[in-house]
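Fold the following for me, if possible:
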Amino acid sequence: MPWVAVGCAIAAAFFLAFGTQRQSSAVRAASGGLSVGSRGMMRLLGNPRWVFGLSLMGIGMALNVYALAQAPLTVVQPIGAIALVITTVVNARDQDIRINRPTVLAIVACMAGSIGFVVLAINVTATNHEVSRGQELVIVLLLALAVLVFGGLEVVFRHRLKAIFHILGAGVLFGFVAVLVRTISVAMMGPNGLSLANVTWYTVLAIAVAGLLGTYFVQNAYSGGPPDLVIAGLTVIDPMVGIAIGIGILGELRPDVHPVIAISMAAAALVAIVGVVALSRHHPDVPARQREQRQDHEVSGG
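Numbers count the residues shown, from 1 in each chain. Here you go, the predicted structure:
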């Protein structure tokens, strides 16, 4: 079964990469680099390219959920880094962009740091399929706090926020969602045979709210940055949040953790985060988008 999960995770990476690129190009064409509001989201629902991208991402997410239900998070999540390479190549060809050296180095840092962090996590965490109701409630409450913080900042500073904020917010929210989806999947396959009766309503509600807000953040990230940045943020931040929850709340930390491994995990996380920040600054598509945004603001202001 682990090999089936790995195959599903690889397929999910391809679907997510192509779906992300399709949605990104649709959002960019529809918004002109401006932020996507509620009306913009409704217009996108009638855009065939965006809907096609959504369908591809839906298939990818379904495959990833199945993979998460069949194999540990630390096995499935590193495979998602493949999507970053695929998205970079596909977007470069679609937009006729020549990838510069800083972008390549940033992507390498994202992948190396993310994969290194998750692989090292295998040595310090023990898979624990038993999640108590108390632990589940704590995760839901922390997710509610994250929704309030990121949602509040979006409302107050909406026109000042850059793509990196939306990437960070989406990564954190989807990290919580991944943990809760895995929790539900394991609960439904529990030995008591109760299936859906094991699922709590507040967990389903939390997943729905966080998923919708995370999706909204992703669409705004598309309008302000390249799809490579979106995938990079999600494949870096998402697994880090998931593993942090596993260690801090689910008690998956082994008692014999060597300090060298802990320091190495921190270093790998730092490398990955620096890669995401560098990608948001040095990707060749970013200056072009910034020029478009300035022109659109000048036209609207004039």
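
What helices and strands are in contact with whichever strand or helix holds residue 57?
Under the criterion of DSSP states H and E, residue 57 resides in helix 48-70. Counting contacts by 3 or more Cβ pairs under 8 Å, 6 or more residues apart in numbering; DSSP states H and E, helix 48-70 packs against helix 2-31, helix 73-76, helix 163-188. Bear in mind the C-beta positions are built from the backbone N, C-alpha and C, glycine included.

Out of the ones you listed, which gets the lowest mean score?
Mean pLDDT values for these show the minimum at helix 73-76, a mean of 66.

next SSE after that one?
Counting by DSSP H and E, the element after helix 73-76 in chain order, helix or strand, is helix 82-95.

Please list the residues outside the helix or strand following that following helix that contact it.
Sequence-wise, the next helix or strand downstream of helix 82-95 (DSSP H and E) is helix 101-122. Helix 101-122 is contacted from outside by 72, 74-75, 77-78, 81, 84-85, 88, 228, 232, 235-236, 239-240, 243, 247, 261, 264-265, 268-276, 278-279, 282-284, using Cβ atoms under 8 Å, 6 or more residues apart in numbering.

just stretch 271-283 next, same as before
So stretch 271-283 is contacted by 100, 102-103, 105-114, 116-117, 162-164, 167, 225-226, 228-229, 232-233, 236-237, 240, 286 (Cβ under 8 Å, 6+ apart).

For ChimeraX, write a command that selects the buried ones of those residues.
Buried members of the contacts of stretch 271-283, defined by 16 or more other Cβ atoms under 10 Å, are picked up in ChimeraX with:
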select :103,106,107,109,110,111,113,114,116,117,163,164,167,225,226,228,229,232,233,236,237,240,286
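
can I get the CA coordinates of the helix or strand hosting residue 144 in PDB?
Taking DSSP H and E as the definition, residue 144 sits inside helix 133-156. Provided in PDB are the C-alpha atoms of helix 133-156 (Å, rounded to 0.1, in the frame of the first residue of the first chain):
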ATOM      1  CA  ARG A 133     -11.000  14.200  20.600                       C
ATOM      2  CA  GLY A 134      -9.100  16.600  22.800                       C
ATOM      3  CA  GLN A 135      -6.200  16.800  20.400                       C
ATOM      4  CA  GLU A 136      -8.500  17.200  17.500                       C
ATOM      5  CA  LEU A 137     -10.300  20.000  19.200                       C
ATOM      6  CA  VAL A 138      -7.000  21.800  20.000                       C
ATOM      7  CA  ILE A 139      -6.100  21.600  16.300                       C
ATOM      8  CA  VAL A 140      -9.500  23.000  15.300                       C
ATOM      9  CA  LEU A 141      -9.200  25.900  17.800                       C
ATOM     10  CA  LEU A 142      -5.700  26.800  16.600                       C
ATOM     11  CA  LEU A 143      -7.000  26.700  13.000                       C
ATOM     12  CA  ALA A 144      -9.800  29.000  14.000                       C
ATOM     13  CA  LEU A 145      -7.200  31.400  15.400                       C
ATOM     14  CA  ALA A 146      -5.200  31.300  12.200                       C
ATOM     15  CA  VAL A 147      -8.300  32.000  10.200                       C
ATOM     16  CA  LEU A 148      -9.100  35.000  12.400                       C
ATOM     17  CA  VAL A 149      -5.600  36.400  12.200                       C
ATOM     18  CA  PHE A 150      -5.000  35.900   8.400                       C
ATOM     19  CA  GLY A 151      -8.600  36.800   7.600                       C
ATOM     20  CA  GLY A 152      -8.500  39.900   9.800                       C
ATOM     21  CA  LEU A 153      -5.200  41.100   8.200                       C
ATOM     22  CA  GLU A 154      -6.700  40.600   4.700                       C
ATOM     23  CA  VAL A 155      -9.700  42.700   5.600                       C
ATOM     24  CA  VAL A 156      -7.700  45.600   7.200                       C
END
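
by how many degrees do it and helix 163-188 diverge?
Counting by axes from the mean of the first three to the mean of the last three Cα atoms, to 10 degrees, helix 133-156 lies at 160 degrees to helix 163-188.

Residues touching helix 133-156, excluding its own?
161, 165, 169, 172-173, 176-177, 179-180, 183, 200, 202-203, 206, 209-210, 213, 217, 245, 249-251.

Quick check on these: which are buried?
Neighbour-count burial (16+ other Cβ under 10 Å) is assigned, among those, to 161, 165, 169, 172-173, 176-177, 179-180, 183, 200, 203, 206, 209-210, 213, 217, 245, 249-250.

What is the neighbour count of residue 118?
27 (other Cβ atoms under 10 Å).

how near is it to residue 240?
Between residue 118 and residue 240 the computed distance is 8 Å (Cβ to Cβ, to the nearest Å).
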